[in-house]
Each structure stands twice: as structure tokens, then as C-alpha cells.
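Asker: mind folding the following:
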Amino acid sequence: MKDSLKDFVNQNREAFDNREPSEKVWRRVEAQLPRKDNSWWQSVTIWRAAATLFMGLSGYLFFTAENSTVKDIRANNNATAQLQGEFSDLEKFYVDQIAQKVELINEIKDDNIEDNLSQDLSKLDAMYQVLREQMKTNPTEKVKDALILNMLVRIDLLNQQIHEIEQSRTERTDTRKDVSI
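Answerer: Next up, the predicted model:
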């Protein structure tokens, strides 16, 4: 059947080709077709330019952000090193002061005076060790200030203890003088 239809079309080709549809028919067909908008948004050239611009801008931002991150890390490392350097000088000074005061207390200490000092100092030392570890991992001004404050409190406690020992000594010598008179 297909062959007979094919033969018929081939024999009558000229009869099919000589007739054209009217202009009215073409307008109806064209009205039914979907409209193709030739706006600049559908231009391939515009999309290619936008993709190239996007890739260039992304590359620029990536490399400048990486460089600024490296600079920030270097600046942060320098600030950290400076902060730790300042702290190590202060720490050395205060540790020497504390050691001298503890030595003085041990020399003049009386067995009659209560020893709450050692408990207070051990608590302060435990807090100091925690702060010291934090200073190693995350050095900040706050941590540095807390460490210095800890050492100052220790020195103050030691000074109070020295004052109490000296006061106790003077009271005993005064009582001994009174007894001997």
C-alpha cells in the first residue's frame, strides 16, 4: 500500500507543487505558531559575555581574598608574638616578685599563724595554669590581663601575709617587754 501511495505522489508531484495556499491561510498558521522573541536576553553572545565576566570576577575575588587572608594571618601572628613577648617579660618580673615574697615568708614564718595562704595560692595557681594554656592556644589582651591580675592578687596575698607575720612578731616582742618590766 505504501508503494502505491508513493507511486501516486511521484506521478502527480507537479500537480501538488503548482498550488500554493493563500495569504490568509499563511497568516492563520503563523498566528498559531509560538512567538519567537528576539530580545537581548536570549542572545547567546550576551550569555557568553556574562559567563566570562563572572568567571573573571570570581577569580579576582578568590585570589585577593586569599592574599588578604594570608596578610591577616601574618598580622595576627605578629600581634600574637608581640602579645606573648610582652607577657613573658611581665610574667618573669611578677614570678620573681612572688618567689622573693614566698622565700621571705618561709624565713620569718611562725608556726602559730594559720596557713590559709597556701590554699589561696594553690587555687590561684590552678586558675593561672588554665589561663596560661588559654594564652598558648588563643592569646588575647583579656587573657593577658587576667594572667597579670592573677599574679598581682598573689603578690597582694603574700604582702598581706608578710604584714600579718610582722605584726604578730611585734606584738610578741611588745608582750615580752611588758612581761620583763
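Asker: contacts for the helix or strand of the chain with the lowest mean pLDDT?
Answerer: Counting by mean pLDDT, DSSP states H and E, the chain has its least confident helix or strand at helix 13-17, which shows a mean of 74. Identification of contacts with helix 13-17 by C-beta atoms under 8 Å, 6 or more residues apart in numbering yields Val9. Just so you know, the C-beta spots here come from the backbone N, C-alpha and C atoms, and that holds for glycine as well.
Asker: how far off centre is that helix?
Answerer: 82 Å (C-alpha atoms, centre = their mean, to the nearest Å).
Asker: got the buried residues for that helix?
Answerer: By neighbour count on 16 or more other C-beta atoms under 10 Å, the buried set for helix 13-17 is empty.
Asker: check which element follows it along the chain.
Answerer: helix 23-32 (DSSP states H and E).
Asker: need the mean per-residue confidence for that next one.
Answerer: Averaged over helix 23-32, pLDDT sits at 85.
Asker: report all helices and strands that it contacts.
Answerer: Where contact means 3 or more C-beta pairs under 8 Å, 6 or more residues apart in numbering; DSSP states H and E, helix 23-32 is not packed against any helix or strand.
Asker: if I look at Arg19, how far off is Glu30?
Answerer: Distance of Arg19 to Glu30, given as C-beta to C-beta, to the nearest Å: 19 Å.
Asker: neighbour count winner among the two?
Answerer: Between Arg19 and Glu30, counting by other C-beta atoms under 10 Å, Glu30 is the more crowded of the two (9 against 6).
Asker: which other helices and strands does the top helix by length along the chain contact?
Answerer: For the chain, the helix with the greatest residue count under DSSP state H is helix 44-108. On a contact count with 3+ C-beta pairs under 8 Å, 6+ apart, helix 44-108 meets helix 117-137, helix 141-180.
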